[in-house]
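**Q** sequence and predicted structure below; questions after.
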Amino acid sequence: MYARLRIALAAALVTSLLTLGAATANPGAKLIDANLVGIPAGAAAVFPGVIGGGAPWVIAKGDARLFADGRLQVQVKGLVLDPTLPIGAAGTNPFPTGRAIVSCSNGASVVTTDLVPYSSDGNAEVNTRVELPSPCLGALVFFAGETAGGARWFAVSGG
């Protein structure tokens, strides 16, 4: 019984290392190619090292692509405070700048980009290269606004 368990664990380890090695050997390999979703109402909005925006956000269209060599492309269109909120800024983006954040679940490593312009109608684009920790397992890409208390995310990959 223990021999079978050891063989199964060894096979899983080899598979993981081969997958990681393939991403490392091919710097053009996509680690993430996903749509972005806004913070839904009532959702837990805290991930290790990344704090949510504190209110529901909606997005018309957004996507994130992260490559093994650190290239990061994020585009958001219509990422605004939920228009049904009973506040004055509802349906708009009150932050003039934003940034992308990459979070790796192993060790909660967080990498942020430089600030980019973020329009009041919720449009922004990030096209840069980041230094990823090795390995960066379970990566998520966020789009965040810059507040007085630091970056707060409004959209996350996975939608």
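**A** Cool, the structure landed.

**Q** pLDDT weak spots in this structure?
**A** Along the chain, segments meeting pLDDT under 70 span 1-25, 27, 42-45, 107-108, 159.

**Q** quick one, strands of it?
**A** All strands of the chain, identified by DSSP state E, fall at 30-38, 46-47, 50-51, 57-58, 61-67, 71-77, 80-81, 97-104, 109-112, 116-117, 124-129, 140-147, 150-157.

**Q** for these, give me a markdown table that also has distance to residue 88 and mean neighbour count.
**A** No exception for glycine: its C-beta is placed from N, CA and C like everyone else's. Converted to a markdown table, the strands of the chain look like this (distance: least, C-beta to C-beta, whole Å; neighbours: other C-beta atoms under 10 Å):
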| stretch | distance to residue 88 | mean neighbour count |
| --- | --- | --- |
| strand 30-38 | 19 | 18 |
| strand 46-47 | 26 | 14 |
| strand 50-51 | 23 | 18 |
| strand 57-58 | 16 | 24 |
| strand 61-67 | 24 | 20 |
| strand 71-77 | 22 | 21 |
| strand 80-81 | 10 | 24 |
| strand 97-104 | 20 | 24 |
| strand 109-112 | 29 | 18 |
| strand 116-117 | 22 | 14 |
| strand 124-129 | 22 | 16 |
| strand 140-147 | 17 | 23 |
| strand 150-157 | 18 | 23 |
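
**Q** between the ones you listed, which one is closest to residue 91.
**A** When the strands of the chain are compared by C-beta to C-beta, strand 80-81 sits nearest residue 91, at 5.7 Å.

**Q** what pairs with that closest one, and is each one parallel or antiparallel?
**A** Take DSSP bridges as the rule and strand 80-81 pairs in its sheet with strand 57-58 (antiparallel).

**Q** which residue is nearest the middle of this protein?
**A** residue 141 (1.2 Å; C-alpha atoms, centre = their mean).

**Q** could you measure that one against residue 122, distance?
**A** 17 Å (C-beta to C-beta, to the nearest Å).

**Q** the residue nearest to the centre of the chain against residue 63, yeah?
**A** No - judged on C-beta atoms under 8 Å, residue 141 makes no contact with residue 63 at a distance of 9.4 Å.

**Q** I am finished for the moment; much appreciated.
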